[in-house]
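# Provided below are the primary sequence and the corresponding predicted coordinates.
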Amino acid sequence: MHTILVVDDHPDVVDVFVQMLELGGYRTFAAYSGEEGMEVLTKVTPDLILLDIMMEPTDGWETLEKIKNNVATAYIPVLMLTSKQLTPAEMEKYGNDIEDYILKPVTDFELNNAIGHVFHRRKTIQSEVDRATKEGVCEDIVREYALLLRSIDINKRFLNIFETRYNLNNSYFAANDDISRALKELDSTIRVQKTRLQQIEGKIR
């Protein structure tokens, strides 16, 4: 059974998420602030963290940085909870540290689908890593291979969301240089990553 820590400074929201998760077969822990979330992480090691962005006094981004800067918790996947869309700037700054984000309010299906995708991706990548390791592929290449598999999947997810949200056929978004630039850079990053992934796969398969 997977264990999930829910961190949100609204107790009623935490209760809703805990109920949905437990109905979905997950074991849960709850924290009602970023500080309390960090305290819980000294006692338990969840398989996933659901972390709200809009919290006080320590918001979700600050809490995320603390999680990722701690060797004991850095490897734990984090899904951000938010009532607003992530901006390209936030994605650019924090994209490497999160697995996905969930818009509130969220349905049982959307929540379980997002969480299930994270666990499935990690299982698939681990299977590929184990296979490459058994075949004698050097450790550095295996590590890069795993990072690319994860990053490409996440970046494609973000690009799809942002292209839907920031429709460049809309004159307002098309005229916004920051949004246009961010989407083009993300698309370019994915292309470069795919090329490198193909090079690695040509060596290990």
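Cool, the structure landed. Owing to the predicted nature of the structure, the values given are computational and were not obtained by experimental measurement.
# so what's residue 11 closest to, chain neighbours aside?
Once flanking residues are discounted, residue 11 sits nearest to residue 32: 5.9 Å by C-beta to C-beta, 6 or more residues apart in numbering. (Glycine included, C-beta is placed from N, CA and C.)
# May I have the phi/psi pair for that neighbour?
Dihedral pair for residue 32: phi -110, psi 20, per degrees, to the nearest 10.
# My read is that it contacts residue 6, right?
No. Assessed by C-beta atoms under 8 Å, residue 32 is found out of contact with residue 6, at 9.4 Å.
# Need the overlap of contacts for the two.
Taking C-beta atoms under 8 Å, 6 or more residues apart in numbering as the contact rule, the neighbours common to residue 32 and residue 6 are residue 14.
# would you say residue 30 is within a strand?
Yes. Secondary structure of residue 30 (DSSP: H, G, I helix; E, B strand; the rest coil): part of a strand.
# quick one: contacts for it?
5, 6, 7, 14, 18.
# of these, closest to residue 54?
Top of the list for closeness to residue 54, among the contacts of residue 30 and by C-beta to C-beta, is residue 7 at 11.8 Å.
# Quick check: the closest one touching residue 48?
No. Contact criterion C-beta under 8 Å: residue 7 and residue 48 do not qualify, at 11.3 Å.
# what about the helices in the chain?
With helices called from DSSP state H, the chain shows them at 11-23, 34-40, 60-68, 88-94, 108-134, 139-165, 171-174, 177-204.
# Now distance to residue 76 and mean neighbour count too, for those helices, in a markdown table please.
Shown next, in a markdown table, are the helices of the chain (distance: least, C-beta to C-beta, whole Å; neighbours: other C-beta atoms under 10 Å):
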| stretch | distance to residue 76 | mean neighbour count |
| --- | --- | --- |
| helix 11-23 | 16 | 15 |
| helix 34-40 | 11 | 18 |
| helix 60-68 | 7 | 19 |
| helix 88-94 | 15 | 16 |
| helix 108-134 | 11 | 14 |
| helix 139-165 | 14 | 16 |
| helix 171-174 | 34 | 12 |
| helix 177-204 | 23 | 14 |
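# So which of those helices is nearest residue 1?
Each of those has some distance to residue 1 by C-beta to C-beta; the shortest is helix 11-23, at 10.4 Å.
# Which helix or strand in this structure has the lowest average pLDDT?
Lowest mean confidence among the helices and strands of the chain (mean pLDDT, DSSP states H and E): helix 171-174, at a mean of 50.
# Let me see the contact set for the most centrally placed residue in the chain.
Centroid check for the chain by C-alpha atoms, centre = their mean gives residue 99 as the closest residue, at 1.3 Å. For residue 99, the contact set (C-beta under 8 Å, 6+ apart) comprises 48, 77, 78, 79, 118, 121, 154.
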